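Participant: Fold the following, please.
(one chain, ligands or ions: 1)
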Amino acid sequence: MEIKKLNKFLDKYLKISEIDDLSVNGLQVEGRKDVKKICFAVDASLETFKLAKKENADMLFVHHGMIWGGIKKVTGINYKRLKFLIENEISLYATHLPLDKHREVGNNIQFLKIFGINEAIEEFGTYHEIIIGYKGKFEKERNLSGFVSEIEKQLNTKCKILKFGKDKIKSVGVVSGGAASLIDEALYNIDCFVTGEPSHQVYHIAKEGKINVIFAGHYATETLGVKAMTELIGKKFGIETRFIDCPTGL
Ligand SMILES: [Zn+2]
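Facilitator: Predicted coordinates:
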């Protein structure tokens, strides 16, 4: 498939021009013109680049790219990463906030889908003036501990929990990655707030606001959108796609 056509589809489908982001979303490094295989990963790193090469990928699609605001210097880590991609003619396509926010394949909507939170779905969680998360309700109340076990199993992660709310939960809001600071929006609004990275500063807010918070891992919560894209692109264009799992444990 021609890289131009593929980029055009990705840019439009992910609405990258509509979302202000520090990440330079879209094609960050241009490689081969013909794309036969795409690998998908959470992070741009030399490790994922090497795994993509092993897979003979023509393109690597990531959530956390390597250009944020712009490249200031092509030295050190930047030099090595760029050199590797350019020498191996592997394209790098990155999409950060658009992949959190997306209504079909986004990290947050996928989380609700996977855990059967299907009722009263609404946008939730404003990050840098953009709503990137979702909230919704289970059909029936369920125990917090059962929900946590299911998250750990499905996402292959270890959760950290601030259990200051009700045992039985119905409404859940999720903002993947490092979004603990959005707890203010969750207070008095939902039974359980889910995000990726733990943050010390929200402990007493959660306690005094009597809310449950689940930190399910930055990496783990952001595999969901990337995996959904792996499936979508494979099906839509009939090209080979593969998810590269490269967990940080964080
Ligand atoms: Zn992230």
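Participant: report the longest helix in this protein, please.
Facilitator: helix 223-237 (DSSP state H).
Participant: What are the contacting residues of it?
Facilitator: 1, 6, 9, 38, 40-42, 61-63, 99-100, 102, 104-107, 110-111, 114, 155, 176, 239-243, 245 (CB atoms under 8 Å, 6 or more residues apart in numbering). For the C-beta atoms, the positions are set from N, CA and C on the backbone; glycine is no exception.
Participant: now do stretch 134-145
Facilitator: 106, 108-109, 111-112, 116-125, 161, 163, 165-174, 189-190, 192, 212.
Participant: before we move on, back to that, so which of the contacts of helix 223-237 belong to strands?
Facilitator: 38, 40-42, 61-63, 240-243 (DSSP state E).
Participant: export these to CSV and tack on neighbour count and pLDDT?
Facilitator: Shown next, in CSV, are those (neighbours: other CB atoms under 10 Å; pLDDT from 0 to 100):
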residue, neighbour count, pLDDT
38, 26, 98
40, 27, 98
41, 25, 98
42, 28, 98
61, 27, 98
62, 26, 98
63, 27, 98
240, 16, 98
241, 21, 98
242, 17, 98
243, 17, 98
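Participant: With residue 37 as the reference, measure out to the residue nearest to residue 38 when sequence neighbours are not counted.
Facilitator: Nearest residue to residue 38, sequence neighbours excluded (CB to CB, 6 or more residues apart in numbering): residue 59, at 4.6 Å. According to CB to CB, to the nearest Å, residue 59 and residue 37 sit 8 Å apart.
Participant: Between these two, which is the more surrounded one?
Facilitator: Between residue 59 and residue 37, counting by other CB atoms under 10 Å, residue 59 is the more crowded of the two (29 against 15).
Participant: hang on, isn't that one packed against residue 94?
Facilitator: No. At 11.1 Å, residue 59 does not count as touching residue 94 under the criterion of CB atoms under 8 Å.
Participant: Common neighbours of those two, please.
Facilitator: With CB under 8 Å, 6+ apart, residue 59 and residue 94 have no common neighbours.
Participant: and the closest residue to residue 198 other than its chain neighbours, how many neighbours does it have?
Facilitator: On the basis of CB to CB, 6+ apart, the spatially nearest residue to residue 198 that is not a chain neighbour turns out to be residue 215, at 4.1 Å. By other CB under 10 Å, the residues close to residue 215 number 23.
Participant: wait, what's in contact with residue 215?
Facilitator: Here residue 215 is in contact with 159-162, 180, 195-199 (criterion: CB under 8 Å, 6+ apart).
Participant: Apply 10 Å and report the result again.
Facilitator: By CB atoms under 10 Å, 6 or more residues apart in numbering, residue 215 lies in contact with 157-162, 178, 180, 193-199, 202, 221.
Participant: Need the buried ones from the residues you listed selected in PyMOL.
Facilitator: In PyMOL syntax, the buried subset of these is picked out as below (16 or more other CB atoms under 10 Å):
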select buried, resi 157+159+161+162+178+180+193+194+195+196+197+198+199+202+221
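Participant: Work out the gap between stretch 217-237 and the centre of the chain.
Facilitator: Taking CA atoms, centre = their mean, to the nearest Å, one finds stretch 217-237 lying 8 Å from the centre of the chain it belongs to.
Participant: Ok, stretch 102-118 next?
Facilitator: 11 Å.
Participant: residues contacting the residue nearest in space to the middle of the chain?
Facilitator: Central residue of the chain (CA atoms, centre = their mean): residue 222, 2.8 Å from the mean position. By CB under 10 Å, 6+ apart, the contact list for residue 222 reads 42-43, 63-64, 96, 99-100, 107-108, 176-178, 196.
Participant: again, 6 Å this time
Facilitator: Each residue near residue 222 by CB atoms under 6 Å, 6 or more residues apart in numbering is listed here: 42, 63, 107, 176-177.
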